[in-house]
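Visitor: From the sequence below, what's the structure:
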Amino acid sequence: MQPSQGQSVPTPIAGRIGPVGEAGGLESGQLQAIEAARQAQKPLRRGAVVATSSGILLLLGAGGSFLMAIFGIEHLIAAAVLGTLGFVELRGASGLRAGRRGAGRLLMWNQIAFGLLLVVYGSLGIWRTFATDPTTMGFSEQTAQFMEQNPDMGLGGMGQTIWLVMLTFYAGIVLFGVLCQGLMALYYAGKERRLRRWRAETPEWAAQLLERAA
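Guide: Below you'll find the model as predicted:
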């Protein structure tokens, strides 16, 4: 069926992406180059899956913090911070999947920022815990006064237990921020090195083609 006058004729996809062969399609050597680039890109795509999972978890944490905002402005701040980190993580995942320059570096710095925030939060929590009397930890001011006036009731032991639990909790946050986010930052740094090597070894036209197709 011949197209009527004025009707546009669809151009084959192979004819729109270059370079092209004499017949307007990709040559066999070019197809082999694309397939080789795709195979070499597999570790980057695996890194993108990790980053996507991390970004989704951060956004879920942001949603949970937002729901807790009625109990304090600090939860709203936490939601904004986690949401920003999650958005950046997903953006980096998209870039890593497409083989875009700098995607691994973006993810690395995002994890470093997350780790630093966890360390600061945990350190402040440890400082506040040490600044609190262990025997009255977790009790209201009225209850604390009652405990001081009636030490024979033995409620101080409960406060000391709460104090120790909170100290362990905040110390765990600091440790998590240093170890887990530090290891994730090193992981993404490795992906950035692999990404640079992949871009150096892949023909620019093939890298751009795969980037548009991602």
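
Visitor: C-alpha from now on. contacts and neighbour counts both.
Guide: Noted.

Visitor: got the buried residues for stretch 185-198?
Guide: For stretch 185-198, a neighbour-count test (16 or more other CA atoms under 10 Å) marks A185, Y187, Y188, A189, G190, K191, E192, R194, L195, R196, W198 as buried.

Visitor: Convert it to CSV, retaining C-alpha atoms only.
Guide: Taking C-alpha atoms only, stretch 185-198 is exported to CSV below (Å, rounded to 0.1, in the frame of the first residue of the first chain):
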residue,chain,number,x,y,z
ALA,A,185,30.0,4.5,49.2
LEU,A,186,33.0,2.2,48.4
TYR,A,187,30.7,0.0,46.3
TYR,A,188,29.5,2.9,44.2
ALA,A,189,33.0,4.2,43.9
GLY,A,190,33.9,0.9,42.3
LYS,A,191,30.9,1.2,40.0
GLU,A,192,32.1,4.7,39.0
ARG,A,193,35.5,3.3,38.0
ARG,A,194,33.8,0.5,36.0
LEU,A,195,31.6,3.1,34.4
ARG,A,196,34.5,5.2,33.3
ARG,A,197,36.3,2.1,31.9
TRP,A,198,33.1,1.1,30.1
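
Visitor: Can you verify my assumption that A69 contacts A80?
Guide: No. With contact defined as CA atoms under 8 Å, A69 and A80 do not form a contacting pair (10.8 Å).

Visitor: When you compare pLDDT across the buried residues of stretch 185-198, which one is lowest?
Guide: Ranked by pLDDT, the buried residues of stretch 185-198 bottom out at W198 (87).

Visitor: next helix or strand past the strand or helix carrying it?
Guide: Per DSSP states H and E, W198 falls inside helix 156-201. Downstream of helix 156-201, the first helix or strand assigned by DSSP H and E is helix 204-213.

Visitor: tell me the centre residue of this protein?
Guide: Of all residues in the chain, the one closest to the mean position by CA atoms, centre = their mean is E89, 3.7 Å from it.

Visitor: on that earlier part again, the inter-axis angle of the helix holding W198 versus helix 204-213?
Guide: Inter-element angle recorded for helix 156-201 and helix 204-213: 140 degrees (by axes from the mean of the first three to the mean of the last three CA atoms, to 10 degrees).

Visitor: about what we covered before: format the buried residues of stretch 185-198 as a markdown table; extra columns: distance to R212.
Guide: Putting the buried residues of stretch 185-198 into a markdown table (distance: CA to CA, whole Å) gives the following:
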| residue | distance to R212 |
| --- | --- |
| A185 | 27 |
| Y187 | 25 |
| Y188 | 22 |
| A189 | 24 |
| G190 | 24 |
| K191 | 20 |
| E192 | 19 |
| R194 | 20 |
| L195 | 16 |
| R196 | 18 |
| W198 | 16 |
